[in-house]
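# Predicted model and sequence below, questions to follow.
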Amino acid sequence: METRVCRKCNKEFPLTEEFFKKTKLMSCGFYKTCKKCVAQYTPEYGRYKQLERRHKMTVEEYEERLIEQGGHCALCSARQGDDRRRMAIDHDHACCDKELACGKCNRGILCANCNRKIGFLEVVLKEGTIVPNKGTWLERAMRYLDSYKNTAPTQA
């Protein structure tokens, strides 16, 4: 009987449907990861790994931050899932790479719309100053960015 070594747990199993899921994508007809290992990788596990890798933050820290913000975006009233996506962790791109944050420069949790707009705003602020009208999103965004100025780590 033909066998396969699972690429996650490195254990050898018979190459059957009992141990591996079938697929037309592989020449042998089965995935390279055993069913037991695949079952461990849930969406929540993926979320945990992404938060840890990209922002040096745990799911618990993310949830705490969201509660501190009143359960909504730091800049508007959008709530988790309003646009069918999980809200983003904003971080200072002047400190870190756009994809991987050091964890020290994490700011608030923003909806996708505000996250995109704050990124554009930071680019514009490098070119000059802005005087926002009172009570606008822009005023909230400027206060938000100012509140993190003194807490940003210095680049080495």
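Perfect, thanks for sending it. Numbers count the residues shown, from 1 in each chain.
# Buried residues, the least confident helix or strand in the chain by mean pLDDT. List them.
Lowest by mean pLDDT, DSSP states H and E among the helices and strands of the chain is helix 43-55, with a mean of 81. Neighbour-count burial for helix 43-55, counted by 16 or more other Cβ atoms under 10 Å, picks out Y48, L51, R54, H55. Heads up, the C-betas are built off the backbone N, CA and C, glycines and all.
# now stretch 58-72
Judged by neighbour count using 16+ other Cβ under 10 Å, the buried positions of stretch 58-72 are Y62, R65, L66, H72.
# nearest residue to the first one other than its sequence neighbours?
Read that as Y62. Nearest residue to Y62 in three dimensions, chain neighbours excluded: L51, at 5.9 Å (Cβ to Cβ, 6 or more residues apart in numbering).
# Check the last one too.
The spatially closest residue to H72, leaving aside those adjacent along the chain, is R79, at 5.0 Å (Cβ to Cβ, 6+ apart).
# Repeat that for the third one.
The shortest distance from L66 to any residue other than its chain neighbours is 5.4 Å, reached at I109 (Cβ to Cβ, 6+ apart).
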